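S.K.: What follows is a predicted protein model with its sequence.
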Amino acid sequence: MLIVRDLEDLRAARVKLGPLALVPTMGALHDGHISLLAAARETGLPVAASIFVNPLQFSPKEDLSRYPRDETGDLARLEAAGCDLAWLPQVEAMYPLGRATSIEVLGPSEGWEGAARPEHFRGVATVCAKLFNQTGAAVAVFGEKDWQQYQVIRRMVADLDLPVRIIGGPTVRESDGLAMSSRNRFMDEASRALAPLLHHAMQSAGTAILRGTQAAAALEAAQAGLTAAGFAVDYLALVEAATLREAAAPPGRLIAAAKLGGVRLLDNIKVG
């Protein structure tokens, strides 16, 4: 596996490897990331993964320094998963002094995470556009766990005619249903035991909606149950899958964000 840390070496690697399938990450890799690498390998292209904790997608109120980092472990996992190229840029290379350009995607970025974290998707879109350009990726694979992010990237690629095909990888879960996330490691034992209730409540609400219960009533009941269990629910909503506009009935995507024990959990499921 080639390990590259500056743009000159990356350009040389691109010449050697040809078109790439890219898996953008912020490191702290888990089995969900490894499943995305497997999806990238299925394209038949050489596989690249980036590791970059992107400061632009953290607000001043969020602790960038607390985001988990494990470069040695991450590189070992990438190599074991058959990755051909690891791209580890420095902040100075990604955002040089005097930079004045950012990318803002409206539409699917508005509301939900966009409302809770106002600068977040601007940072995501900007870094992904740069990663696509730097690597010359022909394909990029994103996890569907971050559903809104996935749709923001798809919208940006379509709107800007970027020559990269976006593939979504299904959410990978622990055996009890909790969606895998790098931040799960921050939960204490009690919170970790409660965390799967988010997914279970969403499944119950989705089933109720499909059986004819009004979406508003099903979601209100689910949120009440989660609040009683100790979750601080930011949102729980049925939305149109591509636009993220709120939907009154299926088909759609049920999306949720809730804090538990100091950790913010995201999840989504298909309804209908």
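M.R.: Nice, I can see it. Numbers count the residues shown, from 1 in each chain.

S.K.: how about the chain, which residue sits the furthest from its center?
M.R.: Residue farthest from the centre of the chain, counting by CA atoms, centre = their mean, is residue 212 at 31.1 Å.

S.K.: mind listing what's buried in stretch 47-60?
M.R.: Across stretch 47-60, burial judged by 16 or more other CB atoms under 10 Å covers 47, 48, 49, 50, 51, 52, 53, 54, 56, 57, 58. All C-beta spots, glycine's among them, are computed from the backbone N, C-alpha and C.

S.K.: Break down the stretch 51-200 of the chain into its helices, ranges please.
M.R.: Using DSSP state H, counting those that start in this stretch, the helices of the stretch 51-200 of the chain run over 71-80, 91-94, 113-116, 120-135, 147-160, 189-194, 197-210.

S.K.: Dump the C-alpha coordinates for the third one into PDB.
M.R.: The reference is to helix 113-116. Output of helix 113-116 as PDB, limited to C-alpha atoms (Å, rounded to 0.1, in the frame of the first residue of the first chain):
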ATOM      1  CA  GLU A 113     -27.900  18.500  10.600                       C
ATOM      2  CA  GLY A 114     -27.700  21.600   8.500                       C
ATOM      3  CA  ALA A 115     -29.700  23.500  11.200                       C
ATOM      4  CA  ALA A 116     -28.000  21.800  14.100                       C
END
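
S.K.: quick one: buried residues of the lowest-mean-pLDDT helix or strand in the chain?
M.R.: One helix or strand of the chain scores below all others by mean pLDDT, DSSP states H and E: helix 91-94, with a mean of 94. By 16+ other CB under 10 Å, the buried positions in helix 91-94 come out as residue 94.

S.K.: Can you report how many residues lie near residue 111?
M.R.: 16 (other CB atoms under 10 Å).

S.K.: mind checking how far it is from residue 198?
M.R.: Separation of residue 111 from residue 198 (CB to CB, to the nearest Å): 19 Å.

S.K.: and residue 264, how far is that from residue 113?
M.R.: In terms of CB to CB, residue 264 sits 10 Å off from residue 113.

S.K.: re earlier: could you dump the helices of the stretch 51-200 of the chain to JSON lines with distance to residue 13?
M.R.: JSON lines is the format used below for the helices of the stretch 51-200 of the chain (distance: least, CB to CB, whole Å):
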{"stretch": "helix 71-80", "distance to residue 13": "14"}
{"stretch": "helix 91-94", "distance to residue 13": "15"}
{"stretch": "helix 113-116", "distance to residue 13": "33"}
{"stretch": "helix 120-135", "distance to residue 13": "9"}
{"stretch": "helix 147-160", "distance to residue 13": "23"}
{"stretch": "helix 189-194", "distance to residue 13": "39"}
{"stretch": "helix 197-210", "distance to residue 13": "39"}
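
S.K.: These: which one's closest to residue 238?
M.R.: Closest approach to residue 238 among those is made by helix 197-210 (6.8 Å; CB to CB).

S.K.: on that earlier part again, more neighbours, residue 264 and residue 113?
M.R.: The neighbour comparison of residue 264 against residue 113 (other CB under 10 Å) goes to residue 113, with 24 against 17.

S.K.: residue contacts, the closest residue to the more buried one other than its chain neighbours?
M.R.: Leaving out its chain neighbours, the residue that sits closest to residue 113 by CB to CB, 6 or more residues apart in numbering is residue 148, at 5.1 Å. Applying CB atoms under 8 Å, 6 or more residues apart in numbering, one finds that residue 148 lies in contact with 108, 109, 112, 113, 114, 121, 244, 255.
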